[in-house]
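> Based on what follows, work out the 3D shape:
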Amino acid sequence: MSSKVTADHLARSAVVYVRQSTMAQVLGNTESKRRQYALADQARVVGFASVNIIDEDLGRSGSGAAERPGFQRLVTAVCAGEVGAVFCIEASRLARNGRDWHHLVDLCALAATLMIDPDGVYDPRLVNDRLLLGLKGTMSEYELSLLRQRGIEARDGKARRGALQFTLPPGYCWSEDGRIELDPDERVAGAIRMVFAKYRELGSARQLFLWARSAGITLPVVQRNVAVCRITWRAPAYHTVVQILHNPIYAGAYAFARRGNRIRVENGRARKTSGHDRPMAEWGALIRDNHEGYISWAEFEENQRMFGENAHMQKRASRKAARGGRALLTGLVRCGRCGRMMRVFYGVQSGHAHRYQCRGDDAHVGAGLCIGIGGVRVDQAVTALMLEAVSGHAVEAALLAAEKASATDDVLAKALERDMEAARYEASLAARRYELVDPAKRHVARELEARWNTALEKVSALERRIAAARAAAASRP
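Coordinates of the predicted model:
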């Protein structure tokens, strides 16, 4: 035992701090985790009767940009004078940034707490030991920065060649030779094509979402668990629809790093958030015509333009979609003098007419209104022009509406037929599993029989929906 370990240290408890940076390391690098937990036995050999293991930070980075409740617990225990020694396999386990490392070293010096690793015992109150601890912390921080820099440069270089493989959205998969190809599952590919076809018809992601929900259609979603990815079918969610429509991979383009991270300072510490959209010019890689797409690049750009128009008041100069309210031109009318969007003001008392007003440059206080006009006459004039424009094409509009309704029925029928194929396969698979089980294992047979019955009920429900859809289509003129 080292002479630096005194009776005063042994009278207190020892703390073994266990940390790994990511959950993939926790699941894959089991030897490092085993070595860290084994330090508890080493602490008992040294002579510590009470040994506490702090492992709340497994899967958390030590760079300082992530919350580490385990490290905060360690600091609190050191400040309370309850810790005689801190055990770790190396400095990088305690911290990967100078702020946390030197803060811990200062507190250990004040509380007369030792820091022990496989290389030796360090007393932060001694100048030489403090120098060595400072070097270890600096080297750990430098190592992290160097490894991150090398990794990012290698990743970006591979992405610029289109060779970097990442999790693909539903409808695509990686081939054996590293190319992006269409998913051979017709149900998945058909669902993606249906989303784009209905968006061209409806012109709104929200209307597409509402139609899919009302029709009871399920959409494919990639479910990822560490390195394993599989397709699951779920009820449509708005963000799922938007992700499909916004993804340039469906237009045959290899796109990487479309979203980035942002770092802000909170309570004196850096906090990193991810998932922030970047402009196309700042993407890490964009290679058009890289693979077969569900839509063309021109269609993708048109979809993005429609998104911009539907996003009300995101850009003051772009065209907008109509909004709700009693006024006819809410969100559409612009000022003829300055070109800004005109706002709608409704009368406070019942029956008062609404007005369209341009408030001019709001940034300059006291600038006053730019222009204002009563809304009733404007709405009546626009309504008259609209009726005049469409009156001669009423029959054509009715025929077009009938064609679209028929096309919608066909899309829904195809989607239900693909769901029926999948449901029948699941039912047949459940039946085969039930038939292969030993009848004597009743606890297993009952569960498999219940799963078989559930699959059959799903088939029956889909059959009723298909029959209802066919009856609705037959009743149309």
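
> Now do the helices in the stretch 251-400 of the chain.
297-310, 375-390, 394-436 (DSSP state H, counting those that start in this stretch).

> Counting by contacts, list what the first one packs against.
When contacts are defined as 3 or more Cβ pairs under 8 Å, 6 or more residues apart in numbering; DSSP states H and E, helix 297-310 packs onto helix 186-202, helix 205-215, helix 238-246. C-beta coordinates here come from the backbone N, C-alpha and C atoms, glycine included.

> Quick one: closest of the ones you listed to residue 229.
helix 186-202 (12.9 Å; Cβ to Cβ).

> Give me the local confidence score for the spatially most central residue of the chain.
Centroid check for the chain by Cα atoms, centre = their mean gives residue 275 as the closest residue, at 6.5 Å. Looking at residue 275, its pLDDT stands at 81.

> Which residues are in contact with it?
residue 259 (Cβ atoms under 8 Å, 6 or more residues apart in numbering).

> Least confident of the helices of the stretch 251-400 of the chain, on average?
Ranked by mean pLDDT, these bottom out at helix 394-436, with a mean of 75.

> buried residues in the helix or strand following that helix?
Using DSSP states H and E, the next helix or strand after helix 394-436 towards the C-terminus is helix 442-475. Under the neighbour-count criterion of 16 or more other Cβ atoms under 10 Å, helix 442-475 has 448-449, 451-452, 455-456, 458-459, 462, 465-466, 469 buried.

> my read: residue 327 touches residue 356, true?
Yes: applying Cβ atoms under 8 Å, one finds residue 327 in contact with residue 356, separated by 7.4 Å.

> Next, residue 359: phi, psi?
phi -90, psi 0 (degrees, to the nearest 10).

> heads up, I number from 18, so please use that
Taking 18 as the first residue, the last one we looked at is residue 376.

> Tell me how far it lies from residue 348.
Distance of residue 376 to residue 348, given as Cβ to Cβ, to the nearest Å: 15 Å.

> Tell me who's in contact with the closest residue to residue 311 other than its chain neighbours.
Ranked by Cβ to Cβ, 6 or more residues apart in numbering and with sequence neighbours excluded, the top spatial neighbour of residue 311 is residue 267, at 4.7 Å. Residues in contact with residue 267 (Cβ under 8 Å, 6+ apart) are 186, 188, 209, 213, 261, 310-312, 317.

> Kindly report the same for residue 470.
Per Cβ under 8 Å, 6+ apart, neighbours of residue 470: none.

> Against residue 209, how distant is residue 433?
16 Å.

> likewise residue 443?
21 Å.

> Then residue 387?
46 Å.

> if we can go back for a sec, I'd like the helices of the stretch 268-417 of the chain as a markdown table, with distance to residue 114 and mean neighbour count appended.
Output for the helices of the stretch 268-417 of the chain, formatted as a markdown table (distance: least, Cβ to Cβ, whole Å; neighbours: other Cβ atoms under 10 Å):
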| stretch | distance to residue 114 | mean neighbour count |
| --- | --- | --- |
| helix 314-327 | 39 | 15 |
| helix 392-407 | 59 | 12 |
| helix 411-453 | 50 | 14 |
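
> Which one, of the ones you listed, ends up nearest to residue 255?
Once the helices of the stretch 268-417 of the chain are compared by Cβ to Cβ, helix 314-327 is nearest, at 12.7 Å.

> Confirm for me that residue 65 is in contact with residue 28.
No: judged on Cβ under 8 Å, residue 65 makes no contact with residue 28 at a distance of 9.4 Å.

> Show me the strands in the stretch 218-367 of the chain, by range?
236-242, 245-251, 271-273, 276-283, 286-294, 302-304, 360-362 (DSSP state E, counting those that start in this stretch).

> nearest to residue 141, of those strands?
strand 286-294 (22.5 Å).

> Can I get the closest one in CSV, CA atoms only?
C-alpha atoms of strand 286-294 as CSV (Å, rounded to 0.1, in the frame of the first residue of the first chain):
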residue,chain,number,x,y,z
ARG,A,286,-21.8,25.2,-19.1
ALA,A,287,-22.0,24.3,-22.8
ARG,A,288,-25.2,22.6,-23.9
LYS,A,289,-25.4,20.9,-27.3
THR,A,290,-28.7,20.3,-29.1
SER,A,291,-29.0,18.4,-32.3
GLY,A,292,-31.5,18.1,-35.2
HIS,A,293,-31.4,21.7,-36.5
ASP,A,294,-32.0,22.0,-40.2
